[in-house]
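> What would the 3D arrangement of this be:
(chains A, B, C and D)
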Protein chains: 2
Amino acid sequence: MCKIYSMETCCPVTESAITMDDAEDMAADFKVLSDPVRLRLLSVVASVPEGEVCACDLNEPLERSQATVSHHLSVLVRAGLITREQRGKWAWFAVAPDRADFVRSVLKNDIFAGVG
Amino acid sequence: MCKIYSMETCCPVTESAITMDDAEDMAADFKVLSDPVRLRLLSVVASVPEGEVCACDLNEPLERSQATVSHHLSVLVRAGLITREQRGKWAWFAVAPDRADFVRSVLKNDIFAGVG
DNA sequence: TCCTCATATCGATATAGGTCGAAACGTACC
DNA sequence: GGTACGTTTCGACCTATATCGATATGAGGA
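Numbering: from 1, shown residues only, chains lettered A, B, ... in the order given. Below you'll find the model as predicted:
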């Protein structure tokens, strides 16, 4: 049974502590979403009616230079959250199909708010 | 219906883009969990059998200075993920009861892995 | 009151990463 | 081939923050 101090917060929340290696991996995942420009960029990609958007249409709503937007796009692609497809001169981006549910819950703020 | 380009990734993932203000708030939440030392610290607090742990027992497993551990603890407290209680000379920390489910899913890596 | 010890805060340093202009790269069109 | 244009990469700068030694704070105990 429980210890003396507080009845509410007793018993371990998890079975065992994670390793530092696992912590590094998990932190890297969270870091991808820890930048406001990147979150909004992901949000714009996720909300275009066509389901995909040309990079040329992303500079203006982000209010950042074209180089900066390109950098954030590459971070999101490397994390597997969006896909990149070259079509002629243009690069098209879309939410990765297998991550759509995750992206939706992130942008609806279900994760931290715990609505899910 | 859908556009020409790809049938898999059609239609918006979310209804509308988030505002920059919302993005800042959400990014701040993710930033709390984007540091490996902080994640492991949260993990150690969450896994002690007693459900709470004295700060004096946290320096060694974290392999960081007392000042650094104290700093990370304050970040986690400010984020509402853990609670702090002073008892005599000692400060005791526990996972915030109303955030236990969330902390558990974070540390089990359910969020990014999407195990749900 | 003085001493000890646990913890937080301060000041300084180092590193990570967001940002942008410029250059490089690639594709289309002539 | 040469030109134009969209995008990425590079180099530099700058801010945020992780880190630690030193100091301050605060609670017991002698």
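
> The spatially most central residue of chain A: what's its closest spatial neighbour, skipping adjacent residues?
Residue closest to the mean C-alpha point of chain A, counted by CA atoms, centre = their mean, is A:Leu33 at 4.2 Å. Of all residues not flanking A:Leu33 in the chain, B:Phe30 sits nearest, at 4.3 Å (CB to CB, 6 or more residues apart in numbering or on different chains). Where C-beta positions appear, they are placed from N, C-alpha and C, glycine not excepted.

> and the helix or strand where that neighbour lies with DNA strand D, contact?
Counting by DSSP states H and E, the element that carries B:Phe30 is helix B:20-32. Yes - for helix B:20-32 and DNA strand D, the contact criterion (CB under 7 Å from any atom of the strand) is met by B:Lys31.

> Show me which residues of that helix are buried.
Buried residues in helix B:20-32, counting neighbours by 16 or more other CB atoms under 10 Å in any protein chain shown, are found at B:22-23, B:26-27, B:29-32.

> so where's chain A uncertain?
Counting by pLDDT under 70, chain A shows low-confidence ranges at A:1-10, A:114-116.

> which bits of chain A sit near DNA strand D?
Within chain A, the positions adjacent to DNA strand D are A:54-56, A:66-67, A:70-71, A:73-74, A:84, A:89-91 by CB under 7 Å from any atom of the strand.

> Buried ones from those residues, can you make that a ChimeraX selection?
Selection of the buried residues among the residues of chain A next to DNA strand D in ChimeraX, burial being defined by 16+ other CB under 10 Å:
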select /A:55,73,91
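
> In helices, which of the residues of chain A next to DNA strand D fall?
Mapping the residues of chain A next to DNA strand D onto helices (DSSP state H) picks out A:66-67, A:70-71, A:73-74.

> close to DNA strand C, is the helix holding B:Phe30?
No - against DNA strand C, helix B:20-32 shows no contacts by CB under 7 Å from any atom of the strand, the least distance being 9.3 Å.

> ok and that helix relative to helix A:20-32, angle-wise?
With axes from the mean of the first three to the mean of the last three CA atoms, to 10 degrees as the basis, helix B:20-32 and helix A:20-32 are set at 170 degrees to each other.

> which other helices and strands contact helix B:20-32?
helix A:20-32, helix A:36-47, helix A:110-113 (3 or more CB pairs under 8 Å, 6 or more residues apart in numbering or on different chains; DSSP states H and E).

> Recalculate using a threshold of 10 Å.
Helix B:20-32 is packed against helix A:20-32, helix A:36-47, helix A:100-107, helix A:110-113, helix B:36-47, helix B:66-78, with contacts defined by 3 or more CB pairs under 10 Å, 6 or more residues apart in numbering or on different chains; DSSP states H and E.

> Could you take those helices and lay them out as a markdown table, with extra columns for distance to A:Pro61?
Formatted as a markdown table, the helices and strands packed on helix B:20-32 follow (distance: least, CB to CB, whole Å):
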| stretch | distance to A:Pro61 |
| --- | --- |
| helix A:20-32 | 20 |
| helix A:36-47 | 6 |
| helix A:100-107 | 15 |
| helix A:110-113 | 23 |
| helix B:36-47 | 32 |
| helix B:66-78 | 31 |
